[in-house]
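Chemist: Here's a sequence, model it:
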Amino acid sequence: MSESPTRVELGRAGEHETSARPQPEPNKPTNADAPAVFEVSDLMVSYGGQPAIRDVSMTIRRNEITAMIGPSGCGKTTFLRCFNRMNDLIPSARVEGSISYHGEDLYAKAVDAVEVRRRIGMVFQKPNPFPKSVYDNIVFGPKVNGLKVDFDELVERSLRRAALWDEVKNKLNDSAYSLSGGQQQRLCIARAIAVDPDVILMDEPCSALDPIATGRIEDLMRELENDYTIVIVTHNMQQAARVSDRTAFFTAEVEDEASDFRFGRLVEYDLTENIFKNPGDSRTEDYVTGRFG
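Modeler: Now for the predicted structure:
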């Protein structure tokens, strides 16, 4: 694309919406010529021979936030898990097509999937801190990966990056479970940052959080974008409009009229402002205006 993506802003989660369609406002242009981090071509993922997503092609660029939206069952999370090869952990899963990561085949036999998951971190739908102290949650990954660093400095730096240090600096030896839900999710982000990733994947990271905690996570995403490429799955269209540079809309299609089986397909991928203000496909228009989904 030749057009520069524009960051869009709406009110915070929980604020009253005056229109069925999220109304993004231009804020921060980013570099349309930024290098590609991922290039996806004709991707299909199936489980037990049944397609979950088909014919997905897109480019995700460095230091942008890319949002995936669409109704339940359209394959957003399946697609997200392809980027760090989490689907490899499902015996019945099969991935066809191609995903390149900085120009290299992500699924080549010589590629170490464990190293992929270190470089491409993931934050899940529900906060999932380890049953350890706040401190040990941060240092666990670096220790497993054999990093020789000053762990005290690493803990402080990671927690500061996750906007959590001031809240937990006197609780580092407390159980991570003693934190609030929003704090636990930011701890999980800090844990992901601690192993020095290149990309952070987020699978509905705010779905279990209240509006205030959601706002903090969204602010954090904007800050982290300066150093990381972020891909987020969200059911919250207002959130996609607020935080992302580009948005991909997926829908679920029926395999055939005689079957109730559905698979996901990418309908449209564009600058977020275009998706919400001037979509190129009527199905996108119907979804973002609340006519279906």
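Chemist: So which residues of the stretch 1-150 of the chain form helices?
Modeler: For the stretch 1-150 of the chain, the helices defined by DSSP state H, counting those that start in this stretch occupy 76-82, 113-119, 134-144.
Chemist: So which of the ones you listed is the most surrounded?
Modeler: Ranked by average neighbour count under the criterion mean count of other CB atoms under 10 Å, the helices of the stretch 1-150 of the chain are headed by helix 76-82 at a mean of 23. C-beta: built from backbone N, CA, C; applies to glycine.
Chemist: And the residue lying closest to residue 175 once chain neighbours are set aside, how far from residue 276?
Modeler: Leaving aside its chain neighbours, residue 175 sits nearest to residue 133 (6.3 Å; criterion: CB to CB, 6 or more residues apart in numbering). Computed as CB to CB, to the nearest Å, the residue 133 to residue 276 distance reads 42 Å.
Chemist: Among the two, which residue is more densely surrounded?
Modeler: Legend: neighbour count by other CB atoms under 10 Å for residue 133 and residue 276, higher for residue 276 (26 against 18).
Chemist: right, and the helix or strand after whichever strand or helix holds that one?
Modeler: When secondary structure is defined using DSSP states H and E, the element that contains residue 276 is helix 272-277. Taking DSSP H and E as the definition, the helix or strand that follows helix 272-277 towards the C-terminus is helix 282-288.
Chemist: And that next one, what does it pack against?
Modeler: Here helix 282-288 is seen to pack against strand 246-254, strand 262-271, helix 272-277 when contacts are counted using 3 or more CB pairs under 8 Å, 6 or more residues apart in numbering; DSSP states H and E.
Chemist: Point out the most buried one among these.
Modeler: Scoring the helices and strands packed on helix 282-288 by mean count of other CB under 10 Å, the most buried comes out as helix 272-277, with a mean of 24.
Chemist: Do you know the pLDDT at the residue nearest to residue 283 when sequence neighbours are not counted?
Modeler: On the basis of CB to CB, 6+ apart, the spatially nearest residue to residue 283 that is not a chain neighbour turns out to be residue 267, at 5.2 Å. We note a pLDDT of 97 for residue 267 in this prediction.
Chemist: try residue 261
Modeler: According to the prediction, residue 261 has pLDDT 79.
Chemist: What of residue 270?
Modeler: At residue 270, the predicted lDDT confidence score is 97.
Chemist: What segments of the stretch 101-250 of the chain are strands?
Modeler: With strands called from DSSP state E, counting those that start in this stretch, the stretch 101-250 of the chain shows them at 104-105, 120-123, 199-203, 229-233, 246-254.
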